[in-house]
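Engineer: Dropping the sequence and predicted coords here.
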Amino acid sequence: MRQRALLLTTLLLMAGLTAGPAGQGAEGAKATAFAAIDRNAGEIAKVGDAIFSFAELGMQETETAALCVRLLKEMGYTVETGVSGIPTAILATYGSGHPVIAVHVEYDALPGGSQTPGVAEHEPIVAGAPGHAEGHNTNAALWMGAAYAVKQAIDQHHLAGTIKLFSAPAEEQGISRPYFVRDGYFKDVDAALHAHVGSDLSTSYGPRQYAVMSVEYEFFGKTAHAATSPWTGVSAVDAVKLMDIGWDALREHLPPTQRSHSVIVNGGVQPNVVPDYAKIWYFFRESTYEGADNLFKKAHNVAAGAALMTGATFKEHILSACWPTRDNRTMAEIVQANIDLVGLPAWTPEEQALARRIQKAAGVKEVGLDTTPTPLREAVQSTSSNDSGDITWTVPHGRITFPSNVPGVPFHHWAAAVAEATSIAHKGEVAGAKVMAGAIVDLLTHPDLVAKAKATFDQEVAGSTYRSLLPPDQKPPVDLNADEMAKYRDLMRPHYLHADIRFK
Ligand SMILES: [Zn+2]
């Protein structure tokens with residue numbers, strides 16, 4: 001019996017379970033990680049505030065990516081850029097062997113979201129410029145804090161396993177992560193975690209968001225003088241109009257669960273020239289990937305009909321295609337255990353007062369900041385989408401919502417940017433980073449948890465075979481938002497925060 005116990009201890013030591021100084025195990029490693037986060041709370045805040053000031057639209061996150069690359073290299077990560085051909089996509093790796101734990105976060109801003117932090121009225125830093133009107137800057141701050149903390153834990157406690165940190169550009173257009181999965185970046189990953197800003201410290205399991213397909217339809221016609229010889233022309237704009245009308249007529253016969261919306265990106269130049277080019281861009285959303293794919297197939301027929309009616313030709317381009325997001329029960333339990341351990345930040349009366357002023361300005365209930373812990377719950381599937389869906393159907397996946405924003409404030413509204421570079425955001429980033437680091441340490445030190453997550457994941461997705469909805473040769477639209485960003489970048493540059501950030 002004693003021999004067996006000795007053998008077990010040796011095996012556990014080999015597995016890294018009780019490794020580290022004086023055999024401190026998961027608790028010791030977690031204490032190391034949490035201390036690193038507390039010690040670097042000021043640096044984490046500076047990362048979030050700097051990225052808030054950069055406020056870069058999807059696929060144009062060059063300053064943001066450069067800052068993260070510099071920090072990750074200084075921390076000791078091996079950093080690859082240009083993941084899946086996306087210049088602002090980063091993959092930072094540290095450690096060796098299994099388990100391989102991936103962490104992915106988005107860090108893009110929104111058009112027109114520019115806002116002075118801490119001011120509870122609409123006061124753009126640069127009028128019309130992009131801004132962090134959802135707070136993705138805080139995702140990246142958390143990500144850096146957790147990256148540093150986990151590396152300290154691995155080094156000091158000799159933990160086995162590999163950390164893979166992915167940045168996920170252009171979340172607002174649902175772009176990057178389906179490409180990562182299609183291109184095989186998650187093949188050797190055992191489990192993945194995602195952090196996203198919210199107004200509570202929480203997690204959940206089950207289907208959470210909708211699938212989405214983002215598709216552009218280009219129509220090609222023939223120019224003519226619109227007054228003297230219109231019969232010789234073919235209007236591409238007419239084809240766009242007919243596609244729009246056709247889709248709206250079809251809506252009556254689509255399942256009530258669907259969501260579809262469009263913008264006319266190019267509607268001709270001037271009326272006296274029959275336009276030979278026009279473009280319309282759709283998002284097709286459904287609760288299942290089959291549903292979204294079905295909408296896309298119907299839209300193809302509508303586009304073909306519009307082309308037939310006008311004599312135009314058309315091309316369709318899938319910009320992105322995302323599965324619905326879902327979270328694994330075991331991963332949610334691991335995250336929840338760390339939420340219970342970390343707890344909500346202690347808010348000051350000043351922070352509560354600012355939150356109420358923001359809520360008043362946004363016209364929502366003035367309830368202040370969250371002070372009640374959120375228990376583990378089953379998710380309610382929302383009609384919104386996130387491009388992390390494909391990951392969540394590929395590996396056991398857990399998500400952390402952290403309280404860097406204000407309850408009730410609508411995302412994509414200037415009011416949602418007000419708190420994102422204040423002490424409210426900073427405290428939320430620290431709490432979220434601890435939950436993230438704690439969950440990673442649990443996975444690295446307990447191979448049984450990884451095995452359990454895989455087993456429950458297999459049960460949850462049984463009967464559904466993942467396949468990428470992206471065409472195999474589809475390239476990511478790297479020029480997305482380039483024009484919009486170029487309009488504002490020089491005006492925004494004087495407001496960039498280039499604080500000296502050194503994790504220690
Ligand atoms: Zn978001």
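Structural biologist: Okay, I see it.

Engineer: So the protein: which segments form each domain?
Structural biologist: Domain ranges of the chain: 2-209+324-362+391-464, 211-322, per automatic domain parsing.

Engineer: Tabulate those (TSV), appending mean neighbour count and distance to residue 475.
Structural biologist: All C-beta atoms are positioned from the backbone trio N, CA, C, and that covers glycine. Formatted as TSV, these follow (neighbours: other Cβ atoms under 10 Å; distance: least, Cβ to Cβ, whole Å):
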stretch	mean neighbour count	distance to residue 475
domain 2-209+324-362+391-464	22	6
domain 211-322	18	10
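
Engineer: can I get these in a markdown table with distance to residue 372?
Structural biologist: Below are the domains of the chain laid out as a markdown table (distance: least, Cβ to Cβ, whole Å):
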| stretch | distance to residue 372 |
| --- | --- |
| domain 2-209+324-362+391-464 | 8 |
| domain 211-322 | 30 |
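
Engineer: any weak-confidence spans in the stretch 151-300 of the chain?
Structural biologist: For the stretch 151-300 of the chain, applying pLDDT under 70 flags no range at all.

Engineer: Could I get the full set of helices for it?
Structural biologist: 176-182, 236-250, 289-310 (DSSP state H, counting those that start in this stretch).

Engineer: For residue 94, find the nearest of those helices.
Structural biologist: helix 176-182 (18.1 Å; Cβ to Cβ).

Engineer: what's the closest one in contact with?
Structural biologist: 83-86, 89, 104, 106, 166, 168-170, 186, 320-323, 387-391, 394, 468-470, 472, 476 (Cβ atoms under 8 Å, 6 or more residues apart in numbering).

Engineer: Can you tell me what sits against the helix or strand encompassing residue 80?
Structural biologist: Assigned by DSSP states H and E, residue 80 falls within strand 78-81. For strand 78-81, the external contacting residues (Cβ under 8 Å, 6+ apart) are 65, 69, 72, 73, 87, 88, 89, 90, 91, 92, 93, 94.

Engineer: got those as TSV, with pLDDT and distance to residue 364 columns?
Structural biologist: Output for those, formatted as TSV (pLDDT from 0 to 100; distance: Cβ to Cβ, whole Å):
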residue	pLDDT	distance to residue 364
65	98	33
69	98	38
72	98	37
73	98	42
87	98	38
88	98	33
89	98	35
90	98	35
91	98	38
92	98	37
93	98	42
94	98	41
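
Engineer: Return the subset of these lying in helices.
Structural biologist: Residues of these located in helices (DSSP state H): 65, 69, 72, 73.

Engineer: Give me the phi and psi angles of residue 322.
Structural biologist: phi -120, psi 140 (degrees, to the nearest 10).

Engineer: how far away is it from residue 442?
Structural biologist: If you measure residue 322 against residue 442 using Cβ to Cβ, to the nearest Å, the figure is 28 Å.

Engineer: which ones are touching residue 485?
Structural biologist: With Cβ under 8 Å, 6+ apart, residue 485 has these contacts: 56, 57, 60, 130.

Engineer: Could you check the pLDDT of it?
Structural biologist: Residue 485 carries a pLDDT value of 97.

Engineer: And for the one 10 residues further on?
Structural biologist: If you check residue 495, the pLDDT there is 97.

Engineer: neighbours around it, how many?
Structural biologist: The tally of other residues near residue 495 (other Cβ atoms under 10 Å) stands at 15.

Engineer: how far away is it from residue 50?
Structural biologist: Counting by Cβ to Cβ - residue 495 and residue 50 are separated by 11 Å.

Engineer: what's the answer for residue 64, then?
Structural biologist: As judged by Cβ to Cβ, residue 64 and residue 50 stand 8 Å apart.

Engineer: Likewise for residue 156?
Structural biologist: Per Cβ to Cβ, residue 156 is found 28 Å from residue 50.

Engineer: Repeat that for residue 104.
Structural biologist: 20 Å.

Engineer: Phi first, then psi, for residue 321.
Structural biologist: The phi/psi pair for residue 321 (degrees, to the nearest 10) is phi -150, psi 120.

Engineer: mind listing what it touches?
Structural biologist: Contacts of residue 321 by Cβ under 8 Å, 6+ apart are 178, 211, 212, 213, 214, 292, 293, 296, 468, 469, 470.

Engineer: all strands for the chain, in order.
Structural biologist: Listed in chain order, the strands of the chain (DSSP state E) span residues 78-81, 90-96, 100-105, 161-167, 191-197, 204-207, 211-220, 259-266, 277-286, 313-322, 326-327, 377-378, 397-402.

Engineer: will you turn the ones you listed into TSV that also has distance to residue 40?
Structural biologist: Shown next, in TSV, are these (distance: least, Cβ to Cβ, whole Å):
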stretch	distance to residue 40
strand 78-81	19
strand 90-96	17
strand 100-105	17
strand 161-167	16
strand 191-197	16
strand 204-207	29
strand 211-220	36
strand 259-266	41
strand 277-286	39
strand 313-322	33
strand 326-327	28
strand 377-378	31
strand 397-402	16
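
Engineer: Quick one: closest of those strands to residue 25.
Structural biologist: The nearest among those, by Cβ to Cβ, is strand 161-167 at 14.3 Å.

Engineer: Could you tell me how far that closest one lies from the centre of the chain?
Structural biologist: 15 Å (Cα atoms, centre = their mean, to the nearest Å).

Engineer: Who are the packing partners of that strand?
Structural biologist: Counting contacts by 3 or more Cβ pairs under 8 Å, 6 or more residues apart in numbering; DSSP states H and E, strand 161-167 packs against helix 62-75, strand 90-96, strand 100-105, helix 136-157, helix 423-445.

Engineer: Identify each buried residue in stretch 486-496, please.
Structural biologist: 488, 489, 492 (16 or more other Cβ atoms under 10 Å).

Engineer: close enough to count as contact, residue 329 and residue 205?
Structural biologist: Yes. Using Cβ atoms under 8 Å, residue 329 is in contact with residue 205, at 4.4 Å.

Engineer: Name the nearest residue to residue 348, sequence neighbours excluded.
Structural biologist: residue 423 (7.5 Å; Cβ to Cβ, 6 or more residues apart in numbering).

Engineer: roughly how far apart are that neighbour and residue 345?
Structural biologist: 9 Å.

Engineer: residues in contact with the closest residue to residue 375 other than its chain neighbours?
Structural biologist: Distances taken as Cβ to Cβ, 6+ apart place residue 336 nearest to residue 375, at 7.7 Å, with adjacent residues excluded. Contacts for residue 336 (Cβ under 8 Å, 6+ apart) come out as 203, 375, 376.

Engineer: Closest to residue 190 out of the residues you listed?
Structural biologist: For the contacts of residue 336, the nearest to residue 190 is residue 203 (18.6 Å; Cβ to Cβ).

Engineer: Just read off the phi/psi values of that closest one.
Structural biologist: phi -150, psi 170.

Engineer: shouldn't it be in contact with residue 339?
Structural biologist: Yes. Using Cβ under 8 Å, residue 203 makes contact with residue 339 at a distance of 6.5 Å.

Engineer: distance of the residue nearest to the spatial centre of the chain from residue 171?
Structural biologist: By Cα atoms, centre = their mean, the chain has its centre lying nearest to residue 106, at 3.7 Å. With distances taken as Cβ to Cβ, residue 106 is found 3 Å from residue 171.

Engineer: what residues are shared contacts of those two?
Structural biologist: In contact with both residue 106 and residue 171: 136, 387, using Cβ under 8 Å, 6+ apart.

Engineer: how near is residue 390 to residue 170?
Structural biologist: Where residue 170 is concerned, residue 390 sits at a distance of 14 Å (Cβ to Cβ).

Engineer: Repeat that for residue 265.
Structural biologist: The value you get for residue 265 to residue 170, if Cβ to Cβ is used, is 16 Å.

Engineer: what does residue 299 give?
Structural biologist: Distance from residue 299 to residue 170, by Cβ to Cβ: 22 Å.
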